[in-house]
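> Below: sequence and its predicted model.
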Amino acid sequence: KKLVMAQKRGETRALCLGVAMVVCAVITYYILGTTVLPLYQKSVWTQESTCHLIETNIRDQEELEGKKVPQYPCLWVNVSAVGRWAVLYHTEDTRDRNQQCSYIPGSLDNYPVARADVEKVRAKFHERQVFYCFSTTRENETSVLYQRLYGPQALLFSLFWPTFLLTGGLLIIVMVKINQSLSILAAQNIYIFNQ
């Protein structure tokens, strides 16, 4: 009798774990569906193109997102893509933060570190004169992206863990239910043999 009670408590805990995992997965899918998925659907940078470097220039900026900030270096890159001249931006966010910068360094607090970061990125562009970039199908668009933030890889990466949680939770629930049905079958067989 003690073994049966311990087994029932273990099954109950396993079922609670499985249900909690499924609920967490559903909540995560909802959050991703309202945040990441619209960004992916709104992204117009879907056409992969080949960009040819025309020129790079390092500028000192004093505005970021329309606000005055301490002076920081930014990289300006002109490329030839899809048969026309274009400005290269690192990501969608770079374009939104400051349209005068193709690349904004990560640390704006320390000017020498930021300048060294920009110089390193500039040197990489000069090493590789031809590289892949993302453009839009709009006719009058004069900008391209080096890297998409909201591409298919980002979407798949963000859906991996909720899918893992959902699959794991469902497997736990199924295994507990199979265990319960096998226990009932075994108990019925024992009862039949004892008669």
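Right, received. Where do you want to start?
> Direction included, what does the top strand by length along the chain pair up with?
Once the chain is assigned using DSSP state E, the strand that runs over the most residues is strand 47-64. With DSSP bridges as the test, strand 47-64 is paired with strand 67-81 (antiparallel), strand 130-135 (antiparallel).
> Would you mind writing the CA trace of the lowest-mean-pLDDT helix or strand in the chain as PDB?
In the chain, the helix or strand scored least confidently by mean pLDDT, DSSP states H and E is strand 67-81, which has a mean of 77. Extracted in PDB, the C-alpha atoms of strand 67-81 (Å, rounded to 0.1, in the frame of the first residue of the first chain):
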ATOM      1  CA  LYS A  67      19.300  63.200 -28.500                       C
ATOM      2  CA  LYS A  68      22.600  64.900 -27.700                       C
ATOM      3  CA  VAL A  69      25.300  62.400 -26.600                       C
ATOM      4  CA  PRO A  70      29.000  62.600 -26.000                       C
ATOM      5  CA  GLN A  71      31.000  62.600 -29.200                       C
ATOM      6  CA  TYR A  72      31.400  59.000 -30.600                       C
ATOM      7  CA  PRO A  73      32.800  57.700 -33.900                       C
ATOM      8  CA  CYS A  74      30.600  56.000 -36.400                       C
ATOM      9  CA  LEU A  75      31.300  54.300 -39.700                       C
ATOM     10  CA  TRP A  76      29.700  55.400 -42.900                       C
ATOM     11  CA  VAL A  77      29.800  52.800 -45.700                       C
ATOM     12  CA  ASN A  78      28.700  53.200 -49.400                       C
ATOM     13  CA  VAL A  79      28.200  50.200 -51.500                       C
ATOM     14  CA  SER A  80      27.000  49.200 -54.900                       C
ATOM     15  CA  ALA A  81      24.100  46.700 -54.600                       C
END
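> following it, which helix or strand shows up next?
strand 84-89 (DSSP states H and E).
> residues near the closest residue to Asn78 other than its chain neighbours, how many?
Spatial nearest neighbour of Asn78, chain neighbours left out: Ile54 (4.3 Å); criterion: CB to CB, 6 or more residues apart in numbering. Backbone N, C-alpha and C define where each C-beta goes, glycine included. Residues within reach of Ile54, counting by other CB atoms under 10 Å, total 14.
> Point to the residue nearest the middle of the chain.
Ala154 (3.3 Å; CA atoms, centre = their mean).
> helix/strand/coil for that one?
helix (DSSP: H, G, I helix; E, B strand; the rest coil).
> pretty sure it contacts Thr35?
No: Ala154 lies out of contact with Thr35 (CB atoms under 8 Å); the separation is 11.8 Å.
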